[in-house]
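Asks: Structure for the following, please:
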Amino acid sequence: MGERSSRKEVFHRPAASWHEGFPIGNGRMGAVVYGDYKREILAVNEDTLWSGYPSETWPGFSREASARAAEFCRLGRNREAMELLETEGRGAGDVQMYAPFGNVILEFLGERSIEDYRRELDLGDAVIRAAYACNGRQYRHTVFCSAADQVLAYRVEAGEPFSLRITAEDGFLRHTDYTSKGFLARGECPGRNSFSVTQGHGPLSFSDKPEERGMRYVGLGQVVTDGEGVPREEGLLIEEATRVTIFLCIRSSFAGFDRHPFTQGLEETALAERDMAAFEKDFDAMLAGHIREYRSYFDRVALDLGESPDSGTDTDQRIRNAEKGEPDPDLAALLFDFGRYLLISCSRPGTQAANLQGLWNREKFPPWFCDYTVNINTEMNYWLTGPCNLDELAEPLARLNRELLDNGRITARAMGREGSACFHNTDLWRKASPARGKTSWAYWPFGSAWMCRNLYETYLFSGDKDYLRGLLPVLRENALFCESSLSETPEGLAVCPATSPENEFLIDDRPVPTAYYTEHTLAVVRNLFRDYAEACRTMGELREAERYEELLGRIAPIKIGAFGQVMEWDREFQESDVHHRHLSNLYELHPGRGISQSTPELQRAAEVTLERRGDEGTGWSLAWKLLMWARLENGLRFQQVMNRLFRLVDPEAAGQCKGP
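Replies: Coordinates of the predicted model:
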């Protein structure tokens with residue numbers, strides 16, 4: 001066990017927006033808490049609240065279209081290949097959306113003169129606390145979300161009587177009933193909708209037909225107070241209290257990725273009532289149990305980079321100081337702990353996997369639908385599980401991939417291939433088919449094949465052979481798909497045609513994404529074959545291991561270009577964006593295993609590639625660069641990139657966030 005951490009994020013003002021709030025979660029449910037002393041907002045989420053229901057979707061690109069596109073690329077007619085695939089993909093629809101529960105609001109009544117305000121997120125015990133003086137009297141707010149009790153708890157304590165109004169609203173909530181002791185809020189997510197990243201969304205579907213209706217959900221709030229509860233149509237009024245505690249349980253009708261949430265769904269109200277009845281309403285005992293359970297994960301690792309002189313300063317001020325070059329080694333350790341905190345809070349055995357925003361979303365139409373973008377972002381969420389001794393937290397990712405197999409087989413067969421495949425987006429209903437949009441992201445069926453790298457590394461860290469035995473079918477089906485996707489080329493076996501996720505090259509000064517083959521795609525295949533062969537040997541399947549080892553030796557090797565870089569495409573095209581945020585052609589360096597100190601020429605080529613890409617980028621891209629410079633053992637460049645992570649941005653400014 002690591003030493004007890006006391007690292008905290010600290011602010012001396014409430015959050016001005018959702019982006020500045022503190023996230024809490026128990027893996028399945030959670031909230032972003034603003035910490036406001038006048039109108040407190042809890043933006044609440046539950047991980048099965050998605051639009052839609054299971055449905056057959058357009059299966060994907062035909063074998064004939066892929067073969068024609070490959071021939072176009074072989075002949076140097078790459079633009080025609082792109083146009084062919086984009087025409088072929090017009091029948092696709094994108095994923096469904098992750099939806100918010102809504103907001104629970106605490107509105108404090110009366111005039112309030114506030115002094116000495118402080119709010120903090122204690123990463124060591126997963127508790128949010130706020131304290132201040134109001135009219136000269138002390139107030140304390142305490143918030144946590146317990147996995148042990150499946151409840152979100154919020155307490156306000158004061159040195160004087162106060163009054164507040166509690167309401168549940170927004171999101172897709174339809175109706176809230178208030179009693180003197182709490183509330184019952186009912187909602188329903190939209191039915192199945194047709195969305196497109198490039199074309200936007202249309203009107204939401206709320207049909208009267210049961211088979212077209214979406215996920216039902218309920219929030220059950222119980223209020224314990226020494227004041228008086230007065231139910232009103234507009235909310236629950238609490239009068240003359242010195243202590244108010246709210247317990248919130250949320251459940252949906254979700255019965256499985258392959259079950260209709262309305263016609264075949266669970267009884268969500270009964271589930272929430274069971275949660276509420278399962279614990280004694282002792283706040284302090286519940287808090288102690290929550291901390292013990294959370295620390296069983298968090299205390300497995302400790303990072304000490306040295307003390308910082310301003311560790312008690314506002315976190316945003318510490319970031320400003322770091323921007324100016326002031327040393328703050330503990331700020332990096334704070335970020336490390338925050339990353340662990342987030343995954344522990346949004347991914348637990350039995351929950352859904354962490355999505356693009358983990359668990360937290362306030363928008364009815366979230367960016368990129370808050371989906372599982374499996375050409376980097378979902379995988380990145382789970383890179384820390386092995387190194388931080390959090391293997392159990394990868395269980396939702398393994399289950400997601402097991403559940404993708406059936407739809408993935410349909411997708412693979414539609415492409416004339418074997419095994420199972422998943423394109424670049426998936427959702428609660430385990431969509432595996434392509435999404436509508438540009439070929440640069442839409443024509444890429446290697447989502448599960450990439451996630452297999454995460455899943456096999458979980459075994460390498462844990463050594464759990466029972467886990468590996470359960471993983472073998474996922475590895476096998478994806479290996480079959482990759483094997484059946486390979487074609488003979490002069491350089492060796494390759495997937496033809498191929499893209500390098502979201503990147504493009506120039507032909508006649510116009511961007512094109514479709515190449516005869518790409519290093520990224522081959523790197524995914526190499527690593528999958530390598531991992532699968534190792535797994536087969538471990539489990540005694542020697543003939544299968546030998547077959548994939550032989551195939552591995554026949555795959556086209558990494559090419560080094562004129563600048564000494566790892567070539568991204570089969571030919572040395574002019575790059576559309578030399579500084580592109582994706583580092584797909586360096587997959588063998590990270591997360592793959594093909595570039596290391598034992599391959600010095602390739603290692604140098606990887607370094608040149610990183611130098612050409614530059615040290616700028618969006619947050620997730622910088623994190624990927626950090627990992628690559630670490631594997632290259634270049635501490636100076638690692639520190640240069642690390643410094644770029646500590647920059648404040650306006651959370652509400654348009655254009656701050658680029659695509660996944």
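
Asks: May I have the distance across stretch 249-269, first residue to last?
Replies: The stretch stretch 249-269 measures 10 Å between its terminal residues, going by Cα to Cα, to the nearest Å.

Asks: Kindly apply the preceding question to stretch 623-643 instead.
Replies: 11 Å.

Asks: Pull the residues that contact it.
Replies: The list of residues contacting stretch 623-643 from outside it, by Cβ atoms under 8 Å, 6 or more residues apart in numbering, reads 322, 332, 376, 380, 383, 583, 586, 589-590, 596, 603, 606-607, 610, 613, 615, 617, 622, 645. To be clear about C-beta, it is placed using only N, CA and C from the backbone, and glycine gets the same treatment.

Asks: try it again with 7 Å
Replies: 332, 380, 583, 586, 589-590, 603, 606-607, 610, 615, 617, 622 (Cβ atoms under 7 Å, 6 or more residues apart in numbering).

Asks: with these in mind, which one is nearest to Thr411?
Replies: Met380 (23.3 Å; Cβ to Cβ).

Asks: Now do the same contact list for the closest one.
Replies: Each residue near Met380 by Cβ under 7 Å, 6+ apart is listed here: 620, 623.

Asks: That one: what secondary structure?
Replies: helix (DSSP: H, G, I helix; E, B strand; the rest coil).

Asks: Tell me who's in contact with the closest residue to Ser311 other than its chain neighbours.
Replies: Excluding the flanking residues, the one nearest Ser311 by Cβ to Cβ, 6 or more residues apart in numbering is Asp330, at 5.2 Å. Residues in contact with Asp330 (Cβ under 7 Å, 6+ apart) are 305-308, 311.

Asks: ok, now with 8 Å
Replies: Residues in contact with Asp330, defined by Cβ under 8 Å, 6+ apart, are 7, 305-308, 311.

Asks: does it count as helix, strand or coil?
Replies: Of the three states, Asp330 takes helix according to three-state DSSP.

Asks: Quickly note the distance from it to Phe646.
Replies: 12 Å (Cβ to Cβ, to the nearest Å).

Asks: and what of His580?
Replies: Distance of His580 to Phe646, given as Cβ to Cβ: 23 Å.

Asks: Can you pick out the residue with more neighbours from the two?
Replies: His580 (20 against 16; other Cβ atoms under 10 Å).

Asks: The more buried one and Ser500 touch, don't they?
Replies: No: counting by Cβ atoms under 8 Å, His580 stays clear of Ser500, with 9.0 Å between them.

Asks: any idea how far Leu248 is from Ala272?
Replies: 9 Å.

Asks: Then Gly171?
Replies: For Gly171, the distance to Leu248 equals 14 Å [Cβ to Cβ].

Asks: Check Asn503 too.
Replies: 44 Å.

Asks: re earlier: what touches both of Gly171 and Leu248?
Replies: By Cβ under 8 Å, 6+ apart, the residues touching both Gly171 and Leu248 are Val44.

Asks: Count the neighbours of Asp284 for me.
Replies: 9.

Asks: Surely it is in a helix?
Replies: Yes: residue state for Asp284 (three-state DSSP) corresponds to a helix.

Asks: Quickly note the distance from it to Ala126.
Replies: Distance from Asp284 to Ala126, by Cβ to Cβ: 16 Å.

Asks: Then Phe336?
Replies: Noted for Phe336: a distance of 16 Å to Ala126, by Cβ to Cβ.

Asks: Name the residue in these two with the higher neighbour count.
Replies: Set side by side, Phe336 and Ala126 show more neighbours around Ala126, with 25 against 18, by other Cβ under 10 Å.

Asks: Chain neighbours aside, what residue packs nearest to that one?
Replies: Tyr294 (4.5 Å).

Asks: Find the helix or strand that the one you found is a member of.
Replies: helix 283-298 (DSSP states H and E).

Asks: lowest average confidence, helix or strand, in the chain?
Replies: strand 200-201 (a mean of 60; mean pLDDT, DSSP states H and E).

Asks: Kindly provide the whole-number mean pLDDT of the helix or strand following that strand.
Replies: Once the chain leaves strand 200-201, the next helix or strand it forms, by DSSP H and E, is strand 216-225. Per-residue pLDDT over strand 216-225 has a mean of 97.

Asks: With stretch 71-91 instead?
Replies: Averaged over stretch 71-91, pLDDT sits at 95.

Asks: Just checking the distance from it to the centre of its chain.
Replies: 32 Å (Cα atoms, centre = their mean, to the nearest Å).

Asks: Can you list the low-confidence ranges for the stretch 51-200 of the chain?
Replies: Counting by pLDDT under 70, the ranges of the stretch 51-200 of the chain that qualify are 57, 59, 195-200.

Asks: quick one, helices of it?
Replies: Ranges of helices within the stretch 51-200 of the chain are 63-74, 78-88, based on DSSP state H, counting those that start in this stretch.

Asks: quick one: Ala630 is in a helix?
Replies: Yes: counting by three-state DSSP, Ala630 falls inside a helix.

Asks: what's around it, how many residues?
Replies: The number of residues packed near Ala630 is 14, by other Cβ under 10 Å.

Asks: got the contact list for Ser311?
Replies: Neighbour list for Ser311: 7, 318, 328, 330 [criterion: Cβ under 8 Å, 6+ apart].

Asks: Closest one of those to Arg402?
Replies: Closest to Arg402, out of all of the contacts of Ser311 and judged by Cβ to Cβ, is Arg7, at 35.8 Å.

Asks: Show the backbone phi and psi for that closest one.
Replies: Phi and psi for Arg7, reported as degrees, to the nearest 10, are phi -70, psi 140.

Asks: close enough to count as contact, it and Gly124?
Replies: Yes: in this structure, Arg7 is within contact of Gly124 by Cβ under 8 Å, at 6.5 Å.

Asks: what about Pro161, neighbour count?
Replies: By other Cβ under 10 Å, neighbour count at Pro161 equals 12.

Asks: again, but for Ser347
Replies: Counted by other Cβ under 10 Å, the residues lying close to Ser347 total 28.

Asks: go on, the one 5 residues further on?
Replies: Counted with other Cβ under 10 Å, the neighbours of Gln352 add up to 25.

Asks: Could you report the distance from it to Arg174?
Replies: With Cβ to Cβ as the criterion, Gln352 and Arg174 are 23 Å apart.

Asks: my read: His520 touches Glu568, true?
Replies: Yes: between His520 and Glu568 there is a contact under Cβ under 8 Å: 7.1 Å.

Asks: Neighbour count: those two, which is higher?
Replies: In terms of neighbours (other Cβ under 10 Å), His520 is the more surrounded of His520 and Glu568; the figures are 29 against 25.

Asks: Can you tell me the closest non-neighbouring residue to the more buried one?
Replies: Ser584 (3.7 Å).

Asks: And for the one you found, the neighbour number?
Replies: Counted with other Cβ under 10 Å, Ser584 comes out at 22.

Asks: right, and it touches Pro501 too?
Replies: Yes: in this structure Ser584 lies within contact range of Pro501 using Cβ under 8 Å: 5.1 Å.
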